[in-house]
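Novice: Sequence and predicted structure are below.
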Amino acid sequence: MLKVLPLLMAISLLSFPISSAEIRLPISFIPETLVPTNLKQVDSNRVAALITESLFKVRDKFQLSPIIASSYTWENNQKTINLKIRKSRFSDGSYVTSKQIIHSLKNCIKYAKKSARLNILNILGYKQFINTGKNLKGLREAGTNTIQIELVKKGPLLLDDLSHTGCAIIKPSINGSWDLLKGAIGTGPYMLKSVSNSDIVLKLNPFHEASEIPQNVRFINSQKANKAKEKMDLIFDLRGNENPGPEYISYNISLPMYWQMSLNNEKNIFKNRLVRKAVTLGLNFKKIRKFFNWEESRMQSGLFPFGMRGFKSRKLNSGLNDLNKSKKLLKKAGYTKKNPLTLRLLLSRRGGKLENTQIWSDAFNNPYIKINPILLSHKEVIKEKKKGNYDLIFHGKSPGSIEPHMLLASYLRDSIFNTSRVRDGKCDHYITNAISEFNLKKRWQAYEQAQDCILNGFYVIPLATLNSGKVYINNKWELPGRNPYFLNPYRIYDWRKKRK
């Protein structure tokens, strides 16, 4: 029986008229490449999301809005999906065809290992598709402006994943490049104008339906910018120390920043679960909380930030510190005061107290643990992570309002976002069960099992969830409602009520 699932038809647009004005937005660094299947950083995604569009867009409450697709239907016991395609154009004026969509989706599939969509590999069996072609039965045209995807197993989260920028519909360059900085184009509201070491400038896509957005968007490298001269129209203030001036209006933002410490579980020292447990028990959560002025109610004990729906509350980590047990475990593993467990901790330069290396040296009150904190730039941390040249990393995750399955997928064995380098087949099993389950109750059970597996393995140390922050917007860009483009992936909610 064919079941038609209607999509939300409204796409929010900005409310100010086109003018010659240019909106100036901060970016922490200028990406060297901009390949949608390989967007490793939030800032790269912010730029690509203006140039490209996917079949759908996941909006609040996880509803799907049509972008390039107009509707979809499931059939064959939810193993076959038919996607109707709306009339769309690339930024060079050419129309999007079903063949080009299939070409883009195959590219997304082929390079899924390099993207955040590692869960796609499990939902559709993409590994098998790449290697043997057995699990994905078909990806084909099925009539005028219709794409059909036929599966072996049900794919309940398929459309969420096809909404990701990594599966954006792209027209490669003449040379076959999928890099948006090297000639590839999309169907988004903007197209590339110029790129340099100091900024990326986008200009309007004349063939996009959006009619009330600024002509240019300039992403300015905030690390190199002279703040006095290069004043941004949008300023994110997550620490409460900005005061940009009377020409700015401030809003509270909904940006749950989840702080955690990841262990490099590929290191021999962490092959032993008891050593991992000893490190976790040896961390003085109360000292960290007091130093950073984190409220005790914000101390995290699970993988999912507070406010992410569907998860049970867990005992706060602020009560987890157990020095005696930590010492006994390390002593059993052969460590002493003279021969302590020496760990290299990577810290990214973030400003303020977060750069204080001394607090992390003192944070472990176990004399059998010695911490060597290393303060590096963001790019240097990325390089060290790739090399695996670390024992611990203190870092933040900002999942916003996305589905929990995306966060869980970052702990899969092959995920590039698996900073903890978890290599646990049992945890992989729970994660893949969760992201392959249509039944919501069973899916939450699998989520909980996966979370317990990772936490009981002591692969990662959750610290805190902070969701207090502001964004300052220049008066000339004052908007009465949401801004779906320029704040991506940051979520500003209910501006009128929260505005100060």
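Specialist: Looks like it came in fine. Numbers count the residues shown, from 1 in each chain.
Novice: List the contacts of L345.
Specialist: 360, 371-374, 390-394 (Cβ atoms under 8 Å, 6 or more residues apart in numbering). Every C-beta, even on glycine, is put in place using the N, C-alpha and C of the backbone.
Novice: Quick check on those residues: which are buried?
Specialist: Among those, the ones that count as buried by 16 or more other Cβ atoms under 10 Å are 360, 371, 373, 390-394.
Novice: Would you reformat the residues you listed as CSV and include secondary structure?
Specialist: Formatted as CSV, these follow (DSSP: H, G, I helix; E, B strand; the rest coil):
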residue, secondary structure
W360, helix
I371, strand
P373, strand
Y390, coil
D391, coil
L392, strand
I393, strand
F394, strand
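Novice: The helix or strand that contains K328: how far from the chain's middle?
Specialist: If you go by DSSP states H and E, K328 is part of helix 323-332. Using Cα atoms, centre = their mean, to the nearest Å, the mean C-alpha position of helix 323-332 is found 36 Å from that of the whole chain.
Novice: Just the buried residues of that helix, please?
Specialist: In helix 323-332, counting by 16+ other Cβ under 10 Å, buried: 326-327, 329-330.
Novice: Return the set of buried residues in the very next helix or strand once past that helix.
Specialist: The first helix or strand that comes after helix 323-332 along the chain, using DSSP H and E, is strand 341-348. Using 16+ other Cβ under 10 Å as the test for burial, strand 341-348 gives 341, 343-348.
Novice: Now do strand 341-348 against helix 323-332, angle only.
Specialist: Strand 341-348 runs at 120 degrees relative to helix 323-332, counting by axes from the mean of the first three to the mean of the last three Cα atoms, to 10 degrees.
Novice: Which neighbours in the sheet does strand 341-348 have, and how are they oriented?
Specialist: The strands that strand 341-348 pairs with in its sheet are strand 369-376 (parallel), strand 392-397 (parallel) (by DSSP bridges).
Novice: State the mean pLDDT of the shortest one.
Specialist: To tie it back to what came earlier, the one meant is strand 392-397. Strand 392-397 shows a mean pLDDT of 82.
Novice: Pull the residues that contact it.
Specialist: Strand 392-397 has contacts (Cβ under 8 Å, 6+ apart) with 257-264, 279, 305, 343-348, 360, 371, 381, 385, 407, 419.
Novice: gap between stretch 161-180 and the chain center?
Specialist: Averaged C-alpha coordinates place stretch 161-180 at 18 Å from its chain's average position (Cα atoms, centre = their mean).
Novice: Can you give me the end-to-end span of it?
Specialist: End-to-end span of stretch 161-180 (Cα to Cα, to the nearest Å): 21 Å.
Novice: now stretch 278-293
Specialist: 25 Å.
Novice: Check which residues of it are buried.
Specialist: Within stretch 278-293, the residues that qualify as buried are 278-286, 288-289, 291-292, counting by 16+ other Cβ under 10 Å.
Novice: In helices, which of the residues you listed appear?
Specialist: 278-282, 285-286, 288-289, 291-292 (DSSP state H).
Novice: Now render those as TSV, adding pLDDT.
Specialist: Shown next, in TSV, are these (pLDDT from 0 to 100):
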residue	pLDDT
A278	93
V279	93
T280	91
L281	91
G282	91
F285	86
K286	84
I288	86
R289	84
F291	85
F292	82
